[in-house]
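Participant: Provided below are the primary sequence and the corresponding predicted coordinates.
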Amino acid sequence: MAKSEEKQPRKKPAIGLVPCAVGGTTMSEWKKGQFLYDRMIQRTKVAIEKGGTLKALLWYQGESDTTSNASGASFGSKLATFLQDVRTDLQSPDFPIIQVNLCTMI
């Protein structure tokens, strides 16, 4: 029996991505109700409806919000609102979010 189990190839879990990236955008463009946000939520819900399991969000954005002190100063509150909206709209309050930030202004 052990030999027959050894010959069986192991099934690797499939990892799917729901790509929604748009380069050069600001947090204001990803606000709930804006095209980019609404499209991201809609595409994610379709992936779930088709059998996908949502595991995490990889959020790689922020450089466009560092072009001035004012936009940089408001980034944190805009990001917090965005993250809460995503969790609410996907009905996943403990949904993990992995965030990467770039900074061009020091």
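Facilitator: Everything's here; your move.
Participant: okay, now M40: neighbour count?
Facilitator: If you count neighbours by other Cβ atoms under 10 Å, M40 ends up with 21. Quick note: C-beta positions are derived from backbone N, CA and C, even for glycine.
Participant: how about T88?
Facilitator: For T88, the neighbour count with other Cβ under 10 Å is 12.
Participant: tell me the phi and psi of it?
Facilitator: With angles defined as degrees, to the nearest 10, T88 sits at phi -70, psi -50.
Participant: kindly report the same for the one 10 residues further on.
Facilitator: Backbone torsions for I98, taken as degrees, to the nearest 10, come to phi -100, psi 120.
Participant: that one and S71: what is the separation?
Facilitator: To S71, I98 is 23 Å away according to Cβ to Cβ, to the nearest Å.
Participant: ok, these two, which is more surrounded?
Facilitator: Each of I98 and S71 has its neighbours counted (other Cβ under 10 Å); S71 has more, 16 against 9.
Participant: surely the more buried one forms part of a helix?
Facilitator: Yes: membership of S71 in a helix is supported by DSSP: H, G, I helix; E, B strand; the rest coil.
Participant: Provide a list of residues in contact with the residue positioned nearest the centre of the chain.
Facilitator: Nearest residue to the geometric centre of the chain (Cα atoms, centre = their mean): L57, 3.2 Å. L57 sits next to V86, F95, P96, I97, I98 when contact means Cβ atoms under 8 Å, 6 or more residues apart in numbering.
Participant: so how many other residues sit close to the fourth one?
Facilitator: The one in question is I97. 13.
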